[in-house]
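[1] Next come a sequence and a model predicted from it.
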Amino acid sequence: MAKLKIVKDGDSVLRKTCRPVEEITPRILTLLDDMLETMHAADGCGLAANQVGVLRRVVVIEVEDGHPIELINPRIIAYAGEQEEAEGCLSIPGKSGITHRPMHVTVRATNRRGEEFDITGSGLLARAFCHELDHLDGKLFTDNVVKMLN
Ligand code: ZN
């Protein structure tokens with residue numbers, strides 16, 4: 001495993017749309033491992049591949065310690081409710097703001113064994129799904145922040 005460099009706001013790679021993963025190669029598995037290590041080292045709860053300079057639809061999330069979620073080609077298939085909570089981003093250090101997100105989000109994705117699965121999250125996990133999937137489409141939380149906190 002290797003710790004990767006996290007791209008910061010202002011780098012154009014954060015504004016690009018990531019491409020789907022067509023085949024789960026050893027490179028993709030290494031990317032997942034490296035992204036998890038990078039996220040842990042940065043003490044974050046989510047990371048999208050373009051945040052480490054890779055334009056692929058790959059996301060890692062860990063809102064509950066010891067329970068990492070790996071998402072390949074994720075998409076939101078259902079959402080419900082709403083919430084307004086503080087949100088930050090490893091690519092925008094030192095900033096946080098209130099965003100408007102659904103309270104419950106269901107994502108369909110592929111795992112590292114190539115199997116499709118659905119996962120539903122509420123609260124913080126729902127926010128993490130929205131935040132990280134936005135990254136894959138070149139969007140940052142600051143684009144639709146309701147109120148910046150700092
Ligand atoms: Zn982010």
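    Perfect, thanks for sending it. Numbers count the residues shown, from 1 in each chain.
[2] ok, longest strand in the chain?
    Assignment by DSSP state E gives strand 69-80 as the longest strand of the chain.
[3] List the buried residues of that strand.
    Buried residues in strand 69-80, counted by 16 or more other C-beta atoms under 10 Å: 69, 70, 71, 72, 73, 74, 79. To be clear about C-beta, it is placed using only N, CA and C from the backbone, and glycine gets the same treatment.
[4] Repeat that for stretch 13-32.
    Buried, per 16+ other C-beta under 10 Å, within stretch 13-32: 13, 14, 18, 21, 24, 28, 31, 32.
[5] how far out from the middle of the chain is it?
    13 Å (C-alpha atoms, centre = their mean, to the nearest Å).
[6] With just CA atoms, put that stretch into PDB.
    Listed next in PDB are the C-alpha coordinates belonging to stretch 13-32 (Å, rounded to 0.1, in the frame of the first residue of the first chain):
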ATOM      1  CA  VAL A  13      -8.600  17.400 -11.900                       C
ATOM      2  CA  LEU A  14     -11.200  18.100  -9.200                       C
ATOM      3  CA  ARG A  15     -13.500  19.600 -11.900                       C
ATOM      4  CA  LYS A  16     -13.300  16.700 -14.300                       C
ATOM      5  CA  THR A  17     -15.800  13.900 -14.700                       C
ATOM      6  CA  CYS A  18     -14.400  10.500 -13.800                       C
ATOM      7  CA  ARG A  19     -14.700   7.600 -16.200                       C
ATOM      8  CA  PRO A  20     -16.400   4.300 -15.300                       C
ATOM      9  CA  VAL A  21     -14.300   1.300 -14.400                       C
ATOM     10  CA  GLU A  22     -14.800  -1.300 -17.100                       C
ATOM     11  CA  GLU A  23     -12.700  -4.000 -15.700                       C
ATOM     12  CA  ILE A  24     -11.500  -4.600 -12.100                       C
ATOM     13  CA  THR A  25      -7.800  -5.000 -12.700                       C
ATOM     14  CA  PRO A  26      -5.000  -5.300 -10.100                       C
ATOM     15  CA  ARG A  27      -4.500  -1.600 -10.700                       C
ATOM     16  CA  ILE A  28      -8.000  -0.800  -9.500                       C
ATOM     17  CA  LEU A  29      -7.500  -3.000  -6.400                       C
ATOM     18  CA  THR A  30      -4.200  -1.200  -5.600                       C
ATOM     19  CA  LEU A  31      -6.000   2.100  -6.100                       C
ATOM     20  CA  LEU A  32      -8.700   1.100  -3.500                       C
END
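[7] Brilliant, that's me finished.
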